[in-house]
Structures are given as structure tokens and as C-alpha cells.
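Peer 1: Quick check, what structure comes out for this input:
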Amino acid sequence: MLAMFALALQTPTLEADNAKAAMTCAQAVTIVDASTRTPLQLTSQFTYLAMQSVKAKPGTGSFFDQLNALSEQAGKGTALTPEQAKPLAPLCDRRFPIARGNAPARLPADPLRRDMLCFSMLSVLQGAAEEIAKSGSDSDLTKIKAALLPLTEKVTDAELKKRGFATEDAFVKALGDEMLASLASGNPLTIAAACGVTLR
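Peer 2: Numbering: from 1, shown residues only. A predicted model of the protein is given here:
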């Protein structure tokens with residue numbers, strides 16, 4: 001009986017609550033993959049899992065405000081040790097298989113929704129690429145900026161008004177909705193690839 005109890009204590013488990021589990025996984029896979037994946041790959045995994053957390057437990061403010069708040073909280077919380085993170089990673093892959101996956105992502109068929117998703121996802125990745133460029137290569141940042149330019153020209157105020165996005169708040173909400181909808185299809189890097197931008 002004692003042996004079974006000891007074994008139960010050692011068996012890694014994820015929280016049933018998807019919001020908490022996603023943030024545990026965001027930390028676990030970042031620790032496990034720190035030496036084998038690029039900073040942008042780690043950012044993609046973390047962002048995907050933070051998005052899953054927002055989806056599971058929406059808070060106040062825009063989707064992007066909630067995403068930023070989760071990122072800040074993750075930096076202040078209790079850190080997992082590598083020993084704790086390693087057995088959690090396979091559980092995370094089962095619960096959130098797309099986070100570390102590289103299967104091709106599907107984009108919305110509607111041209112404006114597709115452009116909005118590409119615009120929002122590349123904008124999120126741009127922030128990470130800018131940080132990476134400070135101490136390393138800026139090739140990914142250059143690719144992202146080049147891809148964002150035509151998208152900025154397509155997603156105009158006039159086009160948005162035609163589709164019912166008359167205010168900035170409505171537009172920001174629509175961008176967040178597209179990112180949440182993309183969770184079933186891909187992570188930030190696979191979405192970027194579907195948008196024609198292959199990043200490392």
C-alpha cells in the first residue's frame with residue numbers, strides 16, 4: 001500500500017483545468033526544449049499555450065491584453081525544475097498536440113479573415129524576433145517585416161468598415177477571435193508558414 005502511495009506521488013499529472021494546464025505546459029516545454037529549439041520556436045510554443053489558457057478562461061480586456069498579462073505572470077510564478085518539467089512534456093503533447101507540432105496549418109478561406117490572421121500572428125512573432133535580433137540574427141525579423149507590409153496595405157480602414165469593423169476595438173476583437181480560432185489548425189510558426197513566411 002505504501003509503495004503504491006509513493007508511486008502515485010511520483011506520477012506526473014496535469015491540472016484538469018485547461019487554463020492552468022496550458023500555462024504549466026508553457027513552462028514545461030520551454031524548459032525541456034531550451035537547448036534543442038530556437039528562441040522563435042520556443043516563443044511559438046509558449047504563445048500557443050498561453051492562447052489556449054486565454055481560450056479556456058477568458059478574462060477582462062482585449063485578447064492581446066490577456067496574452068500579455070499571462071506572459072508577465074508566467075515570469076513571476078514558481079518555476080518548474082527540469083526534473084519536474086521532463087515527465088510533464090509528454091502529457092502536454094497529448095493535451096495540446098499542436099503546440100510543438102509542425103503539421104501544415106489551414107488558413108481561413110475568406111481573404112480578409114486570412115489576411116487578419118496572418119497580420120495578427122506575424123505581429124506577435126515580430127515582437128519576439130525584435131528581441132532575438134538584439135543579440136543574434138535579424139533574418140527572421142526582416143522576413144516578418146517584409147510580409148507585414150503588403151498585409152498592412154490590404155487590411156485598410158475602408159475594407160474593415162465594409163465588413164462591419166468600424167472601430168479600433170472591433171478590429172482588435174476580430175484579430176483576437178481569428179487567433180483563437182486558429183488554435184485548432186496550427187501554432188504561430190505553422191500559421192506563419194501557411195502565410196508564406198518560413199521562420200526558424
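
Peer 1: helices and strands around the longest helix belonging to the chain, which ones?
Peer 2: The longest helix of the chain (DSSP state H) is helix 111-135. Packed against helix 111-135, as judged by 3 or more Cβ pairs under 8 Å, 6 or more residues apart in numbering; DSSP states H and E, are the following elements: helix 39-56, helix 139-154, helix 168-181, helix 188-194. Where you see a C-beta, it was placed from the backbone N, CA and C, and this is true even at glycine.

Peer 1: buried ones in it?
Peer 2: 112-122, 124-126, 128-129, 132 (16 or more other Cβ atoms under 10 Å).

Peer 1: mean confidence score for it?
Peer 2: Helix 111-135 shows a mean pLDDT of 92.

Peer 1: again with stretch 140-153
Peer 2: 93.

Peer 1: Output the helices and strands packed on helix 111-135 as CSV; include the columns mean neighbour count and distance to A28.
Peer 2: Output for the helices and strands packed on helix 111-135, formatted as CSV (neighbours: other Cβ atoms under 10 Å; distance: least, Cβ to Cβ, whole Å):
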stretch, mean neighbour count, distance to A28
helix 39-56, 22, 9
helix 139-154, 15, 25
helix 168-181, 17, 22
helix 188-194, 23, 18
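
Peer 1: E72: which of these is closest?
Peer 2: helix 39-56 (10.6 Å; Cβ to Cβ).

Peer 1: Compute the inter-axis angle for that closest one and helix 168-181.
Peer 2: 100 degrees (axes from the mean of the first three to the mean of the last three Cα atoms, to 10 degrees).

Peer 1: which helices and strands does helix 39-56 pack with?
Peer 2: By 3+ Cβ pairs under 8 Å, 6+ apart, helix 39-56 packs against helix 18-33, helix 63-76, helix 111-135, helix 168-181, helix 188-194.

Peer 1: CA atoms only for that helix - export them in CSV, please.
Peer 2: Only the C-alpha atoms of helix 39-56 are listed here, as CSV (Å, rounded to 0.1, in the frame of the first residue of the first chain):
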residue,chain,number,x,y,z
PRO,A,39,14.2,31.2,-29.4
LEU,A,40,11.4,31.7,-32.0
GLN,A,41,10.3,28.1,-31.8
LEU,A,42,10.1,28.4,-28.0
THR,A,43,8.2,31.7,-28.4
SER,A,44,5.7,29.9,-30.8
GLN,A,45,5.1,27.1,-28.3
PHE,A,46,4.7,29.4,-25.3
THR,A,47,2.4,31.7,-27.2
TYR,A,48,0.2,28.9,-28.5
LEU,A,49,-0.2,27.5,-24.9
ALA,A,50,-0.9,31.0,-23.5
MET,A,51,-3.6,31.4,-26.1
GLN,A,52,-5.1,28.1,-25.0
SER,A,53,-5.2,29.4,-21.5
VAL,A,54,-7.0,32.6,-22.6
LYS,A,55,-9.5,30.5,-24.6
ALA,A,56,-10.1,28.2,-21.6
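
Peer 1: low-confidence ranges in the chain?
Peer 2: 1-11 (pLDDT under 70).

Peer 1: contacting residues for C92?
Peer 2: C92 is in contact with L14, A21, T24, C25, A28, V29, L49, A99, R100, counting by Cβ atoms under 8 Å, 6 or more residues apart in numbering.

Peer 1: Cool, thanks, talk later.
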